[in-house]
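>>> no sequence on this one, just coordinates:
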Ligand code: GLY
Ligand code: MN
Ligand code: MN
């Protein structure tokens, strides 16, 4: 659990980064219509949540730095008995004043007039200009005195790069639930089931454990479907002798997990499947060994490409000099994606990869990233030995960078061939 003090520290840290005579505005996420009058479940904007822990719609945080004095202001929805009957209790202004360590709290209906007032004598405006939020357009109309428009997501993103102990606890909690789901998938009977049945069982474990939802749409891809990287149809049959790629992770109290395991439908890897699997696994383990402060992610990417290409040459999937194959990007046909990404409140955490000078940000203690090498061989790829066609494998773990190295936060989720086979039943 994250307490008020930590949210206040984050706002203070952000205020510190603002230039003098500036105003920063972070709006809540908008409610999204699913169709006609039905709505998607509401989820707060990640940056607003990071800075306040406030989960209500129609809210906004304003931070002001004027004549080197700072002020924080929160706008909250008005109490409304009638609406609360339908959509649930609102905190309201009185309780918000007690709860938050924020200087001023107003009702959201005053947002427009207050913003006009706040914007009047400010020189810099920090907001998320790319969000497409309707309210931002309005703000820009009032922002006549503003000389500089700055990107708030970048500043908050820089802070979100380094996780606090409390954040790491929540990520671990999400991973713990996800671990149960993956272990269930390994140990349950699968032949003849539909991919969506397994998806439902996995997501049932998420939900019944108190997770808000999946952190992203689960990928349950049997056989050749795994070669579609973002396969989310999940509507085919789990066929005996094939593999299932399961990329599924829950979101718990606003923190994501992102785990992939590739397991045999019948509990036993074939020789060809095991060969590709072991190559991806050995690569993943080697990459993780290289994670420590100061290392660049692009170095991990190159290492993954080297190891996978070398392995593919050994297996007769690719032919020729490893160096030349990589230079000509031939390997990318089978390993077309990145080695991993930041993870936190968002599964692909909104945090920068480059610094203000466009230089890569090296790994540092407290960062969390995924490591997810994979190999994808289409069933129709006549250049590859027949036995490997139709195999798609990815293995993904969530790694915390520590002071001297790293900690694999999802190491409890089994991934060695003998461990998976031991856990599996036919
Ligand atoms: N599950 C999304 C990803 O692995 O990036
Ligand atoms: Mn990922
Ligand atoms: Mn994933």
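Happy to help now that I have it. All values derive from a computational prediction rather than experimental measurement. Ligands and ions are numbered 1, 2, ... in the order given.
>>> now for the chain, the helix or strand with the poorest mean pLDDT.
helix 134-142 (a mean of 76; mean pLDDT, DSSP states H and E).
>>> show me what that helix is packed against.
strand 22-27, helix 111-119, strand 124-127 (3 or more CB pairs under 8 Å, 6 or more residues apart in numbering; DSSP states H and E). Quick note: C-beta positions are derived from backbone N, CA and C, even for glycine.
>>> quick check: next helix or strand after that helix?
Elements were assigned by DSSP states H and E; along the chain past helix 134-142, the next helix or strand is strand 148-151.
>>> just the helices and strands packed on helix 134-142: most buried one?
strand 22-27 (a mean of 24; mean count of other CB atoms under 10 Å).
>>> that one vs helix 111-119, what angle?
Here the directions of strand 22-27 and helix 111-119 differ by 160 degrees (axes from the mean of the first three to the mean of the last three CA atoms, to 10 degrees).
>>> who's in contact with the residue nearest to the spatial centre of the chain?
By CA atoms, centre = their mean, the mean C-alpha position of the chain lies nearest to residue 347, the distance being 0.7 Å. Residue 347 is in contact with 215, 216, 249, 251, 256, 258, counting by CB atoms under 8 Å, 6 or more residues apart in numbering.
>>> one more: residue 34?
By CB under 8 Å, 6+ apart, residue 34 lies in contact with residue 40.
>>> state the pLDDT value of it.
Note for residue 34: predicted pLDDT of 96.
>>> what's whichever residue of the stretch 151-300 of the chain sits closest to ligand 2 in contact with, if anything?
Distances between the stretch 151-300 of the chain and ligand 2 by CB to the ion are smallest at residue 258, namely 4.2 Å. Residues in contact with residue 258 (CB under 8 Å, 6+ apart) are 215, 216, 247, 249, 343, 347, 370, 372, 396, 398.
>>> hmm, the fifth one is touching residue 368, no?
Yes: with contact taken as CB atoms under 8 Å, residue 343 and residue 368 are classed as touching, separated by 5.1 Å.
>>> point out where the protein drops to low pLDDT.
132, 425-426 (pLDDT under 70).
>>> contact residues of it facing ligand 3?
Within the chain, the positions adjacent to ligand 3 are 247, 258, 260, 396 by CB under 5 Å from the ion.
>>> the third one - how many residues pack around it?
Using other CB atoms under 10 Å, residue 260 has 24 neighbouring residues.
>>> how close does residue 310 get to residue 274?
The spacing between residue 310 and residue 274, counted by CB to CB, to the nearest Å, is 18 Å.
>>> what's the answer for residue 352, then?
Residue 352 is 39 Å from residue 274, where distance means CB to CB.
>>> and residue 32, by the same measure?
Noted for residue 32: a distance of 44 Å to residue 274, by CB to CB.
>>> and these two? which has more neighbours close in?
Taking other CB under 10 Å, residue 32 and residue 274 do not tie; residue 274 has more neighbours (15 against 10).
>>> what helix or strand is the more buried one on?
Using DSSP H and E, residue 274 maps to helix 271-289.
>>> so residue 381 makes contact with residue 391?
No: Residue 381 is beyond contact range of residue 391, at 10.2 Å (criterion: CB under 8 Å).
>>> of those two, which one has the most company?
A side-by-side neighbour count of residue 381 and residue 391, using other CB under 10 Å, places residue 391 first with 26 against 17.
>>> so that one sits against residue 243, correct?
Yes: between residue 391 and residue 243 there is a contact under CB under 8 Å: 6.5 Å.
>>> now the residue in the stretch 251-400 of the chain positioned nearest to ligand 1, nearest residue through space, not along the chain?
Taking CB to the nearest ligand atom as the measure, the stretch 251-400 of the chain has residue 258 as its residue closest to ligand 1, at 5.0 Å. Sequence neighbours aside, residue 249 is the residue nearest to residue 258 in space, at 4.5 Å (criterion: CB to CB, 6 or more residues apart in numbering).
>>> next, the contact list for the one you found, please.
174, 175, 178, 214, 215, 216, 256, 257, 258, 259, 347.
>>> reformat those residues as CSV; add secondary structure and distance to residue 236.
Formatted as CSV, the contacts of residue 249 follow (DSSP: H, G, I helix; E, B strand; the rest coil; distance: CB to CB, whole Å):
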residue, secondary structure, distance to residue 236
174, helix, 28
175, helix, 28
178, helix, 23
214, strand, 19
215, coil, 23
216, coil, 20
256, strand, 26
257, coil, 25
258, coil, 23
259, coil, 21
347, coil, 24
